[in-house]
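Chemist: Sharing a model prediction with you, sequence too.
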Amino acid sequence: SSQQQLDTHIYIHKREMATDSDEIAIKKRRFLDFLDDDAQHGEYEDRLQKMIDKDRVRLIVNMNHLRAFRDGQLATSLLQSPFDEVVALQQAVKESVDRLDADYSKKKNNLFFVGFEGSFGSHHVTPRGLTSRLLGKLVCIEGIVSKCSLVHPKVVRSVHYCPATEQSTERSYRDATSIDGLPTFGFYPKTDDQGNALVTEYGLSVYKNHQTLSIQEMPERAPTGQLPRSIDVILDDDLVDSAKPGDRVQVFGIYRPLPSKSQGGTSGVFKTVLLANHVHILSKEALMPPITDLDIRNILKIARGKTSPFELLARSLAPSIYGNEQIKQGILCLLLGGEEKNLRRGGHIRGDINVLMVGDPSCGKSQMLRFVQNTAPHCITTTGRGSSGVGLTAAVTSDAESGERRLEAGAMVLADRGIVCIDEFDKMTDSTRSILHEVMEQQTVSIAKAGIIASLNARTSILAAANPNESRWNPNLSIVENIQLPPTLLSRFDLIYLILDAPDRAKDRRLARHMVSLYYENAERPAQQENIMSRETLAEYISYAREHVTPELSEDAARELVQAYVDMRKLGNNRKTITATPRQLESLVRLAESYAKMRFSPSVTREDVVKAVDLMKAAIRQTATDPRTGLIDLDLITTGQSMAARNQILDLARAVSEYLTKKRIKNTTLNTLLADMRKSSDTAISPEDLRAALEQLRNDEFLTVQRGSVPNPTIRVVAATVVAGADLPDNNNNADD
């Protein structure tokens, strides 16, 4: 009968559960022996005690220790069939904690977990390597957190009270992500067996924290031309909020398929997730490419050789591009970077160097970006036209299955501790560029959208390339007028270089020979082109220097920095123009530290500061020279207008006010006033200068100008009949101090 068949199934199920319990008990005894093993010198007893002292519930077990225990069978069993093994190990941890501190075990409701670390061999993969052979196995994956869900409570056991019968019932819940038993039915009880209504006792019910991450393959490790793969990771209990978008992590857990939620048949394709038991944030050392002892000896030999390592490194940077030595030196400083400083009083000074290249087309700017992308250990490339604000910072998206909000990291966050290369920087929209202000100085990305308020790290260097507004550089215009970028953004670049295509017969011949030599092996090559480092060696040199060299300022270097800053302030020939700001001083410190890293020196010397000053002066001399006066004026970069231009506008405003007052003119038009001023002035007056002068007078409430985009606006004088411009600064007394 059907009742007999049901009784038979129940009997078999109980026998199987009893058998499983016996096997888990045997495995638990073996894990207890491992935790108490004298060969570990009390290693795990100390770890358990530290876990108790720090009020934690997860013990981290090293797989290498498990391999060294007896015949190593425990490690093999954990990797191949982790479900029962993890349950047995957690029971062994619970029993060990009971022996050490029974009160603590009772306080934590006897709930303790285990995580793993160490070498996983062939089970250590990226999201691309998670294939069917690893289903149901314990694995370790490396990647970058691209999405992060909110933390939600997940019911473990519910308690229900029936007012009619005055009795309470309990119900436990397990789903496909649980490892301690078969999944239970998903319905939530609302009535008992007699149909009486049940009331949930939320205070007596038990919940656990639940969060979902998306781990994406690291961009630099993804095969060329293929999209990075990703995998969803389930975090429960104490593991929630252990990583945020942009973090590079190692996640240890069980790779498991989830059944399809669709009713009826199935296509045979299942969704897979990783049930995490430990999340490890990768340090800078783990992100560096592997370097052997032989590589280290070669690197140290280059650093201590007769040839200056700086000259050799600069020559090896993008060797296919002819010339541009100063620019290559600046990019080399960017690759090495300075030292980040967190001051004891709460201040933060960035150590990353930002470089902008501006110039004519076909000068190799994009090729330099490509070389940096292939050389830097961690680099993300994007373009100005193809970037959006949320694509660079972070976006709040909705999960397709649950509908909940998720935070998805953008390029700047994914490139944390790396470099972002931006081509066609001038073609970015204003809204996109405005986001870079915070990234380039505070090195964070603040998000306040869709109810999510967060601050993500974006500690990255920016290497950007831009073309002039008219495709060719106009020497009669300033850099702000040439590329139409806001001065507040330009001032955040440590080095700004101009790359101009100027006709020169001798230079053109050398350039042509160099380019032909790239195609024709028998062509004559310059001798210095043969003595360069390979790109792989250059990448290893930069990685080793960034990681193992942390130079500090010496007294001589500090004095030289102070004197250099004072001298740079005098570059404007004492005509009250600003030629250096505190930002330039911070840039000098970062550049000097990068020079010390090239030499593997523990301290920054005076010679490092001198080289940094020369590099800074060369960049300033190119980009901050006023085309009207030929003098260096950093206001061109910081405000977009030189001191000479401002003085000229103020003088014109005074002349206009005096003219209108003298002629007793109350109403006029822009074109009429422009014609009158040109007749009475010996200098050329442009409509743009006159509009700027009128804006100055309007701010001083001397006159009003018709609003709107009117070609010939009306001007109305509103001030009393006094000498106008009395409150304007007098620019005729520009005597040197």
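Modeler: Received, thanks. These numbers come from a predicted model, not from an experiment.

Chemist: contacts, neighbours, all on C-alpha from now
Modeler: OK.

Chemist: Please enumerate the helices of the stretch 551-700 of the chain.
Modeler: Shown for the stretch 551-700 of the chain, the helices assigned by DSSP state H, counting those that start in this stretch span residues 555-568, 582-598, 606-623, 635-638, 643-662, 670-680, 687-699.

Chemist: And for the stretch 101-250 of the chain?
Modeler: 102-107.

Chemist: Centroid-nearest residue for the chain?
Modeler: D416 (2.6 Å; Cα atoms, centre = their mean).

Chemist: so which of the helices of the stretch 551-700 of the chain comes closest to S132?
Modeler: helix 582-598 (45.7 Å; Cα to Cα).

Chemist: Was I right to think the residue nearest to the centre of the chain contacts T460?
Modeler: Yes. D416 lies in contact with T460 (Cα atoms under 8 Å); the separation is 5.4 Å.

Chemist: okay, and the common contacts of those two?
Modeler: In terms of Cα atoms under 8 Å, 6 or more residues apart in numbering, D416 and T460 are not both contacted by any residue.

Chemist: how near is R345 to D352?
Modeler: 21 Å (Cα to Cα, to the nearest Å).

Chemist: Determine whether the claim that A25 is in a helix is correct.
Modeler: Yes. Assessed by DSSP: H, G, I helix; E, B strand; the rest coil, A25 belongs to a helix.

Chemist: Any regions of the stretch 401-550 of the chain where pLDDT drops low?
Modeler: 401-404, 450, 478-480, 520-530 (pLDDT under 70).

Chemist: Quick one: the helices in it, in order.
Modeler: 411-414, 430-441, 479-483, 487-490, 505-519, 527-530, 535-548.

Chemist: re the thing from before, residues touching the residue nearest to the centre of the chain, list them.
Modeler: G246, D247, N457, A458, R459, T460.

Chemist: For it, give its distance to D180.
Modeler: 38 Å.

Chemist: likewise L369?
Modeler: 52 Å.

Chemist: before we move on, back to that, between R345 and D352, which is the more surrounded one?
Modeler: Neighbour tally, R345 and D352, criterion other Cα atoms under 10 Å: the higher count belongs to D352, 28 against 6.

Chemist: Shouldn't that one be within a helix?
Modeler: No. The assignment for D352 is coil, going by three-state DSSP, so no helix is present there.

Chemist: dump the residue contacts of it.
Modeler: When contacts are counted by Cα under 8 Å, 6+ apart, D352 touches L334, G337, G338, E339, E340, R459, T460, S461, R590.

Chemist: so how far is F310 from it?
Modeler: Where F310 is concerned, D352 sits at a distance of 19 Å (Cα to Cα).

Chemist: Next: T661.
Modeler: 64 Å.

Chemist: now do V139
Modeler: 43 Å.

Chemist: So for these two, which sits in the more crowded spot?
Modeler: Shown here are V139 and F310; by other Cα under 10 Å, V139 has more neighbours (28 against 18).

Chemist: What number of residues are in the vicinity of the residue lying closest to that one once chain neighbours are set aside?
Modeler: Nearest residue to V139 in three dimensions, chain neighbours excluded: H123, at 4.9 Å (Cα to Cα, 6 or more residues apart in numbering). Other residues within reach of H123, judged by other Cα under 10 Å, total 19.

Chemist: circling back to that earlier point, just put the contacts of D416 in a markdown table and tack on neighbour count and distance to A539.
Modeler: Formatted as a markdown table, the contacts of D416 follow (neighbours: other Cα atoms under 10 Å; distance: Cα to Cα, whole Å):
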| residue | neighbour count | distance to A539 |
| --- | --- | --- |
| G246 | 28 | 23 |
| D247 | 25 | 23 |
| N457 | 22 | 25 |
| A458 | 25 | 22 |
| R459 | 25 | 20 |
| T460 | 26 | 18 |
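
Chemist: for these, which one is nearest F113?
Modeler: D247 (23.6 Å).

Chemist: mind listing what that closest one touches?
Modeler: I144, V145, I281, L282, L414, D416 are the contacts of D247 under Cα under 8 Å, 6+ apart.

Chemist: Isn't L258 up against V273?
Modeler: Yes. Counting by Cα under 8 Å, L258 does reach V273; the two are 7.3 Å apart.

Chemist: Tell me which of the two has more neighbours.
Modeler: V273 (20 against 13).

Chemist: Not counting sequence-adjacent ones, nearest residue to the more buried one?
Modeler: D232 (5.2 Å).

Chemist: With N667 instead?
Modeler: R716 (4.6 Å).

Chemist: Doesn't the one you found lie inside a strand?
Modeler: Yes. The assignment for R716 is a strand, going by three-state DSSP.

Chemist: that older thread, tell me how far the residue nearest to the centre of the chain lies from V445.
Modeler: Counting by Cα to Cα - D416 and V445 are separated by 11 Å.

Chemist: Which neighbours do the two have in common?
Modeler: With Cα under 8 Å, 6+ apart as the test, D416 and V445 both reach N457, A458.

Chemist: V151 is nearest to which of the helices of the stretch 551-700 of the chain?
Modeler: helix 582-598 (39.9 Å).

Chemist: Could I get the CA-only coordinates of the closest one as CSV?
Modeler: Taking Å, rounded to 0.1, in the frame of the first residue of the first chain, the C-alpha atoms of helix 582-598 are listed here in CSV:
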residue,chain,number,x,y,z
PRO,A,582,51.5,75.1,-3.3
ARG,A,583,50.2,72.5,-5.8
GLN,A,584,53.4,72.8,-7.7
LEU,A,585,55.4,72.3,-4.5
GLU,A,586,53.5,69.1,-3.7
SER,A,587,54.2,68.0,-7.3
LEU,A,588,57.9,68.6,-6.8
VAL,A,589,57.9,66.3,-3.8
ARG,A,590,56.2,63.5,-5.7
LEU,A,591,58.5,63.9,-8.7
ALA,A,592,61.6,63.9,-6.4
GLU,A,593,60.3,60.7,-4.7
SER,A,594,59.8,59.0,-8.0
TYR,A,595,63.5,59.9,-9.0
ALA,A,596,64.6,58.3,-5.7
LYS,A,597,62.6,55.1,-6.5
MET,A,598,64.4,54.8,-9.9
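
Chemist: So which residues make contact with it?
Modeler: 303, 309-310, 333-334, 336-339, 351-353, 492, 494, 545-546, 549-553, 561, 565, 602-605, 608-609, 611-613, 616.

Chemist: Looks like L313 contacts N531 (just checking).
Modeler: No. Here L313 lies out of contact with N531, judged by Cα under 8 Å, at a distance of 10.4 Å.
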